[in-house]
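Student: give me the fold of what follows.
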Amino acid sequence: MNRRRPPRELARDPEAWPHAQLTDPSAVVVQSIARTLADALAIQKRSLRQTSAGSGGNRQAIADLLAGRCWPDVATVARLENFLAVPLYPTCGGTHPDH
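Tutor: Purely as a prediction, here's the structure:
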């Protein structure tokens, strides 16, 4: 996997992120995390600032994750899951490019 390019740049249409078609399995996982995170923030009506403060994560790192501009680290995902009380990391079935 080429981590020099952000996940969204591995999409056929990067502008369609987080719903773009991807074939790279790692980028598919990041895309799933971004979609689930965006949904959780919308449902809970949380801003990036609130999420950053509550999770202890960097606001820009969260914004970059949502936009597919970075490869998130496990600690960031774990803190977000804990704060939002929502599992973000997809199950095995969620890593397939057609999901």
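Student: got a list of what Asn82 touches?
Tutor: The contact partners of Asn82, by C-beta atoms under 8 Å, 6 or more residues apart in numbering, come to Ser55. Placement of C-beta: from N, CA and C, glycine included.
Student: out of everything not next to it in sequence, what's closest to Leu65?
Tutor: Nearest residue to Leu65 in three dimensions, chain neighbours excluded: Pro72, at 4.7 Å (C-beta to C-beta, 6 or more residues apart in numbering).
Student: that neighbour and Leu10, how far apart?
Tutor: 15 Å (C-beta to C-beta, to the nearest Å).
Student: how about Arg46?
Tutor: Taking C-beta to C-beta as the measure, Arg46 falls 28 Å from Leu10.
Student: could you pull out the helices for this structure?
Tutor: 25-44, 48-55, 59-67, 74-84 (DSSP state H).
Student: tabulate these (TSV), appending distance to Arg4 and mean pLDDT.
Tutor: Converted to TSV, these look like this (distance: least, C-beta to C-beta, whole Å; pLDDT from 0 to 100):
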stretch	distance to Arg4	mean pLDDT
helix 25-44	13	97
helix 48-55	26	98
helix 59-67	15	97
helix 74-84	20	97
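Student: centroid residue for the protein?
Tutor: Nearest residue to the geometric centre of the chain (C-alpha atoms, centre = their mean): Ala34, 2.5 Å.
Student: looking at Arg46 and Leu10, which is more packed in?
Tutor: Leu10 (21 against 17; other C-beta atoms under 10 Å).
Student: test my guess that that one contacts Trp17.
Tutor: No: using C-beta atoms under 8 Å, Leu10 is not in contact with Trp17, being 10.0 Å away.
Student: against Thr91, how distant is the nearest residue to Cys70 once chain neighbours are set aside?
Tutor: Distance criterion C-beta to C-beta, 6+ apart; nearest residue to Cys70, sequence neighbours excluded, is Asp64 at 4.1 Å. Noted for Asp64: a distance of 24 Å to Thr91, by C-beta to C-beta.
Student: which of these two has more neighbours?
Tutor: Asp64 (18 against 9).
Student: hmm, the more buried one is touching Thr76, no?
Tutor: No: in this structure, Asp64 is not within contact of Thr76 by C-beta under 8 Å, at 10.0 Å.
Student: cool, thanks, talk later.
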